[in-house]
Every structure is written in structure tokens, then in C-alpha cells.
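Chemist: The sequence and its predicted three-dimensional model are supplied below.
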Amino acid sequence: MKQQAFRGEAGSGVPAGGFASLYAEEYGRVLAVAYALSGSWVVAEEVTQEAFLKAFRRWEQVAGFAHPGAWVRTVAANLARSRLRRAGAEVRALLRLGGRTASGPDPIPEDLKAVWQAVRRLPGRQAQAVVLYYLADLPVAEVAAHMGVAEGTVKAHLHQARRRLEQTLEEDQP
Amino acid sequence: MTASRSVEDRLRQAGRATHREANRRTADRPPVEQLAGLLRRRRLVRGLAAAAGVVALVAGAILLRSDPLPVPEIVGRPPAGPTPQVDEEAVPARRATSAGWSSFPPGGLTGGADGLQAVGAVGGRLVAVGTDAASSVEGHPRPGVWLSTTGRDWQAVEAAAIDDGGEAFRQAGMLMHDVAAIKINGQARLVAVGQAVFEPDSRLLAWISNDQGETWQLVEVPAGPENSARLQAVAATEQGLVAVGGVVSPPQEAPQARGLRPAVWTSPDGQSWSQPHLLEGMPGVAARDVATSGGQTVAVGGPVTSLWAGIAWTSPDGQSWTARTVVEDATLHGVAATPNGGFLAVGSTPTGGGPDGPPDADGILYTSPDGRSWIPVPDPDGVFAGPGNQQLVSVATDQNGQQVAAGTDAGHAALWIAPIGRTWKRIPHRDAVFPTRDGDPHTGNPASAITDILPTGSAWVAVGSAPGADTAPDPTVWLHPGATLTTPQPTPSRTSSPTPQG
């Protein structure tokens, strides 16, 4: 209820148009996407904050999107992928280390963590498509729109990803 | 078909478990008011920045606030060890005939690294460190080291020679962020710092080489009670090595105190490291760079998500540290010693951000005679400003007072240069040398970036990344042949015994 009071409230700084609601409703989904693609709750939390900060900065534009939450999830997916792939190459100053909470133990069962580990081993675009489709629950058309590719390309990514995951997960089984 | 269905089932099962845990963690999310606070602050900053620009033009340098914060809590002390000596023997790179900068994209570097993080020098050799994607294990990064005696021709060190002893971390991946040279009982030693990443946690690592980078020994650095931390930079001081970064505070701390805390580690030799020394700073702050000059060691950094507060921590001995807010509406990324015993620090300040692009920031540069008081360098011509992000992340000065700052400008690598006391100028864009390509519109990540710069005798070497053939970042070296620079005077090695007290 407190966040409702902040929605567009004069002087609060929170823009009108439901940013507070978006933040409350989408935080968990964005965090899940970031976790799947980074493998770390600590990294996921900082990525999630960063993604919402980006939405905040350009809220007038993002609020006009059909699905602002999908936009934030896609930004988080990009950030998480980028954090993993470019972590070594990232400009030192751009490494966002904190503003996060201590993560505590990870209760995700090992066999399910292995699924995300296998996803992270996929080529970047395939991994992104898998997470946006299966975890972020975006339809193929929206995955394609956010990735800037044709729907057919997303379907091809998903098909190839499933094939690779079959092999990887089968090999990993004892 | 059945197998494919099984994969889909497992993906959905993993998805449900992940959503459950993510929803549980939603209760710990920062309040939305924090984001609102940042936005308000940014708007205020824009107004102040405009006013400050006018004032700076009229009055020149302005001494900004340098109120000391409370003395930081110091945890633990470094173990005893052999007396180190700073190795300041930089290696002159070969003079080239052409004046100006040239770049060496992937052809000059084998190994397929994503990019280079830092460059150092020891015993007639340049040493660049970063991430080696070519030898990564199942897509997880592996540290990379490249060696050169010319700055032009580079040789990758075999992966097996870098992470000896690191089997436990290979699955997680390892990052190498910085490198420094030190003398231990007269023998030059390279010490690099970094970490294992993401899984199961962030273990801190250091690598030691006693043969000028040919082979490395991996040692673990204490990461604090949460075993989750980052090591960002390392410097050789009279007292030994000082590394900086941040550690995650224990969960039993009050919610408002939880998060990343700035920290310092010390080591007499790179082999044994102290527990993290917590530095004064609000949660979410990390130290990003460290340098030593005139008996003072200075670390700089700031908040890592909200960006806005540039903090310098000063220590005469690596043991006791005093924090000072250098600038409230910016953050600091890099620091370097100057020949006169002072310091240069670089960073960036927010200037807003276009609705269609990443946040906008301008570069900033500060000077300090002692690490305690800091003066902004006026930028009347706006060379650190412009459309898009200007991020100054590294700075260095040679013995002749030539200064070079490095970073990114609107998504691509950029350099700025000035003799001490003179106006800074931006190195003109030359597509072949500083490739211009848009960065990632979602993340704001630059397409190319310079991460570190080093004066090496009569030449300058900068390292970073630039788009390769497949647009993925490749390691890149930028080289100034030194036609307009002269060889700096080497600084004598210290021989005193600076064993830490306590």
C-alpha cells in the first residue's frame, strides 16, 4: 500500500503512470531472468536493480510500451548475459559491484541449477531466447521483437537450443 | 520428441523453482523510493553542474568538500613476510617512426581474449592481463596473460601456466582484473588480482609470477565472512601490496548496512594476504583503484549502482585509512600518482540521459597534492563532455609530466592528453585507431573501451577491447610511439623496512 501512495505522488520523485506498481509486480520475474543467465543471486540482484534504474530514467518512454515489464526483463537478460560474457572485458568502472543485499544460500536444487548452467553454456542468443521464452514467459513474437530478430530466427534459436540442451543434460546425468 | 519434451519439462521445472525463490527474495528488494531519490538527485546535479561550469570558468579551480568521514574500522593486519621493494622499472617500448597513436586489434594478440583489463611492466617486458575467451571452460571465462617486449607483438601465455592450482575454480570461471610489479628480496615479482565468478560464490584470487609472466601460481585471498567479494585493483607500495575492492556485509547486519562495502587487502609478497579491511563508506560502495605516492596510498571509488559520490580513502601505511568525499555528484574510477608526489583521479558525473539511449555522463578529473584535498580540473572547452557517455576510467602521468586519461566517449574508446598545468585535449577520432561504433542501446556497454594506460619510458601503452570481426570484443592495444615524449627518470627502489605496526 505504501508503494501505491508513491505512484505519481507530487514530490516523491516516482513518476506517474505506475512505475511503483511495475517495480513491485515485476521485480521477482526480472530477478529470475537475471539469475538464470548469471547463475548468481548476488549478480542477479544488482542486474535487476540496474534494469529498473534504466526503466526509471526513461519512464516516460517505457510507460508507453505495450509491455513495460517485458522491456525490463529483456534489459535484465542483456545485462546478465553481458555481465557473464564481458565480465573480464568490461570497463573496470562499469562493473556494478553492489547496491545489493547479501544473497544467502541458494535453495535451488542442484539438478535444476544444472539446467540453467547448461543454458548458460549455449551460444548467447540461444540462451537469451530460451530464458525469455521459458522463464520470462514472453511469446515468440515478443522475444523476437526484443532481440531485434525475426520470429523464425527465435524459433530456430529455440530449436537448436533444445537440441543442445538434450545432449548437455544427458551427458551430465550420472 | 520425447527428449525434447523432457528438456522443456526440465526448463519449466527449473523456471518454477527459480520464480519461487525470486519471489521470496522480492521482499528484500530496495524500496522504490531509493530510485526516486536517485532521479531527484540527478536532476539537481544537472542544475548544479551547469552552475559549477560557469563558476569554474570564472574562478578556476575550486576546492570541493573534503570533510573527513569517521575513521574506518580496520579488521585484521597483514601477516609478516619478506620486505618488499617497489619495482618501478618500466620497460621502454620500441620507438616507432610514426607520431601519434596506433592500435593493434586482434592480429597482434593471439588467444582470443574478450578484452584486456590492465597492463603492467617488469624486467623489460610488458604484461597485459584480462579474460581469455579462447581457453574458457564451457563458456566460463578464464584468465589471460599476454607478454610483449615491443608493445606491438604479443604472445599469449598458455592457459595451463596461468591457473595452476585453480582446478576448483575453473568451472566457475576466473577473471583477472589488475596486475602490479613488486620486488621481493631483490627479485621482481608480478602479482595479479581477480576472482572466481558467480558459482558457487565469489572467491578472491591472486596470481604470482617470478619469471616475468611466463608461469603463474594461484593463491586464494580471504573474502570475508560472506565469501562474496570483488578484487578490483592492486598497487605496490613501500609497505607491500595493497589491493582494493568490496566485500558483501554479513546478513546479521542491519538492513540499511547490508550490501557491498569498500575494502582493502594487504600483502607483503602477494603470497599471503590479510583479511579484508573494511573502509568507511555507505553500503553499495566499492573501491575501484589504488595508487601510491609520497608515502601516501590513495584508493578511490564510490557507489556502484547509484553512481553518485566520489570517495577517496587515504592511508600512510596501508593500515589506517581516512575516507573523504571528493565530489558528491560524480563517481571516481581511477587514480594515479604524479611525479611531484600528488595524485590524479578520474571519473564521471551524470548529466542526464536521453530517453532513447543509455544514461549520459561527462568525464571529470581531479588533482590532489596529498590525497586529502582535491581540486577539480576545469574543462572550459568541454573536452570531457559531449553527447552520450564520457567515462574516464584510467589516468597516468610520466616523469616529464605528460598526462594521459583513458576511457570511453559515446560508446567507443577514447584518450585525452595534457602536459601538467596545461589544458586537456582529446585525441582526435581516427576510425582506424579508435573505432567508432554504437554501444549496446539496452545496456549502454561501449563497443570499444580503454581500461588501463601505462607510460613505458618514452612510449605509452593503452589496453582494452574493440569489436572484432564478429562484433564481439577482442583484445586491443593502443600504442603511442613516444615521438613527442621523453624517457622518464626511474624512481629509486625503497630499501627501508616498513614492517606494519600492530
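Modeler: Arrived safely. Residues are numbered from 1 along each chain as shown, chains lettered A, B, ... in the order given.
Chemist: Please see if stretch A:133-140 touches chain B.
Modeler: Yes. Using CB under 8 Å from any CB of the partner chain, stretch A:133-140 reaches chain B at A:Y134, A:L135. Placement of C-beta: from N, CA and C, glycine included.
Chemist: residues of that stretch that come out buried?
Modeler: A:Y133, A:Y134, A:L135, A:A136, A:L138, A:V140 (16 or more other CB atoms under 10 Å in any protein chain shown).
Chemist: Surely the fourth one touches A:G28?
Modeler: No. Between A:A136 and A:G28 no contact is recorded; they are 11.5 Å apart, counting by CB atoms under 8 Å.
Chemist: before we move on, the earlier item: tell me which two in the buried residues of stretch A:133-140 are the farthest apart.
Modeler: Across the buried residues of stretch A:133-140, the longest distance by CB to CB is 14.2 Å; it joins A:L135 and A:V140.
Chemist: Make CSV from the buried residues of stretch A:133-140 and add pLDDT to it.
Modeler: CSV is the format used below for the buried residues of stretch A:133-140 (pLDDT from 0 to 100):
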residue, pLDDT
A:Y133, 90
A:Y134, 89
A:L135, 87
A:A136, 83
A:L138, 82
A:V140, 87
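Chemist: Now go through these and say which are in helices.
Modeler: A:V140 (DSSP state H).
Chemist: Tell me the one of the buried residues of stretch A:133-140 nearest A:N78?
Modeler: Among those, A:A136 lies closest to A:N78 (CB to CB), at 12.1 Å.
Chemist: ok, the nearest residue to the closest one once chain neighbours are set aside - contacts?
Modeler: Nearest residue to A:A136 in three dimensions, chain neighbours excluded: A:R73, at 4.5 Å (CB to CB, 6 or more residues apart in numbering or on different chains). A:R73 makes contacts with A:E26, A:R29, A:V30, A:V33, A:A51, A:L132, A:A136, A:L138, as judged by CB atoms under 8 Å, 6 or more residues apart in numbering or on different chains.
Chemist: Am I right that A:R73 is in a helix?
Modeler: Yes. Under DSSP: H, G, I helix; E, B strand; the rest coil, A:R73 sits within a helix.
Chemist: gap between the nearest residue to A:V75 once chain neighbours are set aside and A:A34?
Modeler: Distances taken as CB to CB, 6+ apart place A:A51 nearest to A:V75, at 4.4 Å, with adjacent residues excluded. Distance, A:A51 to A:A34, using CB to CB, to the nearest Å: 7 Å.
Chemist: Neighbour count: these two, which is higher?
Modeler: Between A:A51 and A:A34, counted using other CB atoms under 10 Å in any protein chain shown, the more crowded position is A:A34 (31 against 28).
Chemist: in what helix or strand does that one lie?
Modeler: Secondary structure from DSSP states H and E places A:A34 in helix A:19-38.
Chemist: Let me see the mean pLDDT of the following helix or strand past that helix.
Modeler: Scanning forward in sequence from helix A:19-38 by DSSP H and E, the next helix or strand is helix A:41-57. Helix A:41-57 comes out with an average pLDDT of 81.
Chemist: CA-only coordinates of helix A:41-57, as PDB, when you get a sec.
Modeler: Output of helix A:41-57 as PDB, limited to C-alpha atoms (Å, rounded to 0.1, in the frame of the first residue of the first chain):
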ATOM      1  CA  TRP A  41      21.700 -14.300  -6.900                       C
ATOM      2  CA  VAL A  42      24.100 -11.500  -5.900                       C
ATOM      3  CA  VAL A  43      24.700 -10.700  -9.600                       C
ATOM      4  CA  ALA A  44      21.100 -11.100 -10.300                       C
ATOM      5  CA  GLU A  45      20.100  -8.600  -7.700                       C
ATOM      6  CA  GLU A  46      22.500  -5.900  -9.000                       C
ATOM      7  CA  VAL A  47      21.400  -6.600 -12.500                       C
ATOM      8  CA  THR A  48      17.800  -6.300 -11.600                       C
ATOM      9  CA  GLN A  49      18.300  -3.000  -9.800                       C
ATOM     10  CA  GLU A  50      20.200  -1.700 -12.800                       C
ATOM     11  CA  ALA A  51      17.500  -2.800 -15.200                       C
ATOM     12  CA  PHE A  52      14.800  -1.000 -13.200                       C
ATOM     13  CA  LEU A  53      17.100   2.100 -12.900                       C
ATOM     14  CA  LYS A  54      17.200   2.200 -16.700                       C
ATOM     15  CA  ALA A  55      13.500   2.000 -16.900                       C
ATOM     16  CA  PHE A  56      13.200   4.700 -14.300                       C
ATOM     17  CA  ARG A  57      15.500   7.000 -16.200                       C
END
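Chemist: Which elements pack onto it?
Modeler: Contacts defined by 3 or more CB pairs under 8 Å, 6 or more residues apart in numbering or on different chains; DSSP states H and E place helix A:41-57 against helix A:19-38, helix A:68-85, helix B:2-26, helix B:32-59.
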